[in-house]
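>>> My questions are about this predicted structure, shown below with the sequence.
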Amino acid sequence: MLTQAGEDLTTWVYNNTSLKDSVINSVYETLNDASTVPAKVIAQQMLAVGQWGRGELVAQLAGVLKARQRPTGSFDDDIYSDIPAYEALGAAGQISVITEVYARNYLLCQQSVASATYGSWGGTYGGTYYPDFMTTCQAIRTLTYLPGAASDQQIQAAINNSLAYLRKTWPWPGTIRQKASG
């Protein structure tokens, strides 16, 4: 994102290492042992090095994600890593490196169908489901990256259900509300 904004990340220096070099070093660490690195971090690394024209690193990171993806569609069994990873893959133009049908099915199966939270994405902790605004938005964007999304009725229904959920729950706690004049 900073690169897209025109920043030179070689001038952002901390402890004698530029931000760009720090990210590239972290990519090499990931490629050395990706077992403890969340999928979303790997996909974000891929986005960054792609902006810097490092196609060889993009391909290697994409290979790590492809190998990690399970038939369930999950990378890490965690929607807060899996969905951002899919979103970053889509934003990087790399969604095709993974098994797209697994991604599609994963996203559609993770969407809430409970009446109060219908259309959202979120997580369950202690038996309680918590819808998550950011994850819902990331899932919507990710669905649009999938091939054939515009003509896929299930994908379009999932997007429409999500938008309806977001509209229904707006304004969210902590947001700025406009007061009516008069």
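Now that the structure is in, tell me what you want to look at. These numbers were taken from a predicted model, which means no experiment stands behind them.

>>> hey, where'd the helices end up in this structure?
19-32, 39-51, 55-68, 79-91, 100-110, 133-145, 153-169 (DSSP state H).

>>> So which residue is smack in the middle of the protein?
residue 84 (1.7 Å; Cα atoms, centre = their mean).

>>> Any stretches of the protein with poor pLDDT?
For the chain, residues meeting the criterion pLDDT under 70 lie at 171-182.

>>> follow-up on the earlier one: could you save the helices of the chain as JSON lines and add columns showing distance to residue 116?
Every residue, glycine included, has its C-beta placed from N, CA and C. Formatted as JSON lines, the helices of the chain follow (distance: least, Cβ to Cβ, whole Å):
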{"stretch": "helix 19-32", "distance to residue 116": "39"}
{"stretch": "helix 39-51", "distance to residue 116": "27"}
{"stretch": "helix 55-68", "distance to residue 116": "33"}
{"stretch": "helix 79-91", "distance to residue 116": "18"}
{"stretch": "helix 100-110", "distance to residue 116": "17"}
{"stretch": "helix 133-145", "distance to residue 116": "14"}
{"stretch": "helix 153-169", "distance to residue 116": "10"}
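
>>> Tell me which of the ones you listed lies nearest to residue 4.
Proximity to residue 4, assessed across these by Cβ to Cβ, is greatest for helix 39-51 (6.7 Å).

>>> just checking, what packs against that closest one?
helix 19-32, helix 55-68, helix 79-91 (3 or more Cβ pairs under 8 Å, 6 or more residues apart in numbering; DSSP states H and E).

>>> Throw these into CSV and include distance to residue 138, thanks.
Output for those, formatted as CSV (distance: least, Cβ to Cβ, whole Å):
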stretch, distance to residue 138
helix 19-32, 21
helix 55-68, 16
helix 79-91, 4
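
>>> Mean neighbour count, the ones you listed: which tops it?
helix 79-91 (a mean of 24; mean count of other Cβ atoms under 10 Å).

>>> Can you show me the CA trace of it as CSV?
Once non-C-alpha atoms are left out, helix 79-91 reads as follows in CSV (Å, rounded to 0.1, in the frame of the first residue of the first chain):
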residue,chain,number,x,y,z
ILE,A,79,-11.3,-17.4,9.2
TYR,A,80,-9.3,-14.4,10.5
SER,A,81,-6.3,-15.8,8.6
ASP,A,82,-8.0,-17.7,5.8
ILE,A,83,-10.3,-15.0,4.5
PRO,A,84,-7.7,-12.2,4.6
ALA,A,85,-5.3,-14.6,2.7
TYR,A,86,-7.9,-15.2,0.0
GLU,A,87,-8.5,-11.4,-0.2
ALA,A,88,-4.8,-10.7,-0.6
LEU,A,89,-4.5,-13.4,-3.2
GLY,A,90,-7.3,-11.8,-5.2
ALA,A,91,-5.8,-8.3,-4.8
